[in-house]
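Visitor: Would you be able to build a 3D model of this:
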Amino acid sequence: MTDPQLPDGATPDAPAVSTYGTKGLEAYLTAHRSTFTEEALRNAAIAGGWEAPIVDAALGRVRDAEASAPTKATARRIVRWLYIGGFLVLSIGMVLNVAGAAAIGIPILAATLGVAYFFGSLWMQSRRIGGGTSLRAFVVLLIVPVVLWAGLTGLCLATGLPTNGRIL
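Guide: Numbering: from 1, shown residues only. Next comes the predicted model:
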């Protein structure tokens, strides 16, 4: 990608070192990556007072985050449908098998699965898996949300509420 023609020789303004930490630098690089070349961003950051190794490391993290975006999106989709499917199956089981208990059980199930989904999503968002699309990277993303889901659905089944001691 080439830099667009900018009036008066304008360049990307890098965040000041004293104002922002490396997260600010990464946000700057991410925000301007589609407008300027990496070289222009790197030069502007160095001119703004950032040390070259720090800028290079930040550029590497931005590249890795961009490369891992499809893997993270797939993991989020799997977890979303896992939680929705588990909620629907257990809710239908409560409605069909236990008279009256569904009015209490379904909201409790929704709340607990919602909290687990929230924390599982935080886990997936916070993981830096590099540019990896490997099975290991995928497992790292899925481990916490799936363990939370399995624990909650297992506890729900252990209470006997959804099945009332019988199979759907």
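Visitor: Distance-wise, check the residue positioned nearest the centre of the chain relative to R80.
Guide: Nearest to the geometric centre of the chain sits Q125, at 2.7 Å (Cα atoms, centre = their mean). Remark: distance between Q125 and R80 (Cβ to Cβ, to the nearest Å) = 13 Å. For glycine as for every other residue, the C-beta is placed from the backbone atoms N, C-alpha and C.
Visitor: do G105 as well
Guide: Going from G105 to R80 by Cβ to Cβ gives 22 Å.
Visitor: Among these two, which residue is more densely surrounded?
Guide: For G105 versus R80, the count of surrounding residues by other Cβ atoms under 10 Å is larger for G105: 20 against 14.
Visitor: any idea how the protein splits into domains?
Guide: Structural domains assigned to the chain are 7-50, 68-159, following automatic domain parsing.
Visitor: Comparing those domains by mean pLDDT, which bottoms out?
Guide: When the domains of the chain are ranked by mean pLDDT, domain 7-50 comes last with a mean of 76.
Visitor: Output the longest helix belonging to this structure.
Guide: Longest helix in the chain by number of residues (criterion: DSSP state H): helix 52-97.
Visitor: Show me what secondary structure element comes after it.
Guide: On the C-terminal side of helix 52-97, the closest following helix or strand by DSSP states H and E is helix 102-126.
Visitor: Quick check: which helices or strands does that following helix pack against?
Guide: For helix 102-126, the elements it packs on are helix 52-97, helix 135-159, judged by 3 or more Cβ pairs under 8 Å, 6 or more residues apart in numbering; DSSP states H and E.
Visitor: That'll do, ta.
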